[in-house]
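>>> below are the sequence and a predicted model for it; my questions follow.
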Amino acid sequence: MTTRRKKPADHLLERRLVEFSYDKSKEKYVRLLEAFRIMDVLVPSVPASRELPLGNRGILAPSLFIPDVLYVASLNKRLMPVFSDQNKIPSDYASSKTVFMHCSDWIKVFRTTKSEGVILNPFSEYSFVLTPDQIRVLSLFSATAAEYR
């Protein structure tokens, strides 16, 4: 009888995350950061208010994107969640909208929060926390990525 192995993640960022979880080497870490740099992620916004603004005659003003921030009790930190894929977001997760963002965009959005980092796929088997220092390093990566396997 053969044992069926789990299929590796199809998404490059998820694949690099799984690889890093099994082998915490410097090479796997850099490959994970490179995947963050070249892949788009989904960034949820805070849940929208259900009230109409009275001062604007009931017309909704154009809204700014405000990213959601989660308190992760096990880490005692407030972190901005990002998701590698729509299927990593639980159906009961409350957010106003979710937007695909490239690395430089979600880093800009992160800087507007008062969070202590970013967490990739917080509700999944494999998740990863980026600290502000790691995000700074990520922002310094070259804009053109090398060949990725």
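Now that the structure is in, tell me what you want to look at. If you're wondering where the values come from, they're calculated on a predicted model, not measured in any experiment. Numbers count the residues shown, from 1 in each chain.
>>> okay, and Val43 sits in which element?
Val43 belongs to strand 41-44 when assigned by DSSP states H and E.
>>> that strand - contacts with which helices or strands?
Secondary-structure packing of strand 41-44 (3 or more C-beta pairs under 8 Å, 6 or more residues apart in numbering; DSSP states H and E): strand 77-82, strand 98-101, helix 103-111. Placement of C-beta: from N, CA and C, glycine included.
>>> just those: most buried one?
Highest mean neighbour count among the helices and strands packed on strand 41-44 (mean count of other C-beta atoms under 10 Å): strand 77-82, with a mean of 22.
>>> re the thing from before, columns mean pLDDT and distance to Ala35 on top of the helices and strands packed on strand 41-44, output as JSON lines?
As requested, the helices and strands packed on strand 41-44 are exported to JSON lines (pLDDT from 0 to 100; distance: least, C-beta to C-beta, whole Å):
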{"stretch": "strand 77-82", "mean pLDDT": "94", "distance to Ala35": "12"}
{"stretch": "strand 98-101", "mean pLDDT": "90", "distance to Ala35": "15"}
{"stretch": "helix 103-111", "mean pLDDT": "91", "distance to Ala35": "10"}
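>>> ok, now which ones touch the residue positioned nearest the centre of the chain?
When C-alpha atoms, centre = their mean is applied to the chain, the residue found nearest the centroid is Val82 (1.9 Å). Each residue near Val82 by C-beta atoms under 8 Å, 6 or more residues apart in numbering is listed here: Val41, Leu42, Val43, Met101, Trp106, Val118, Ile119, Leu120, Asn121.
>>> related to what we said a few turns ago, contacts for the strand holding Val43, please.
Residues outside strand 41-44 that contact it (C-beta under 8 Å, 6+ apart): 13, 67-68, 80-86, 88-89, 93, 95-101, 106, 109, 120.
>>> right, and the helix or strand after it?
With DSSP H and E, the next secondary element past strand 41-44 is strand 70-72.
>>> for that next one, name the packing helices and strands.
Judged by 3+ C-beta pairs under 8 Å, 6+ apart, strand 70-72 is in contact with strand 77-82.
>>> the strand it packs on pairs with which strands, and in what direction?
Using DSSP bridges, the strands paired with strand 77-82 are strand 70-72 (antiparallel), strand 118-120 (parallel).
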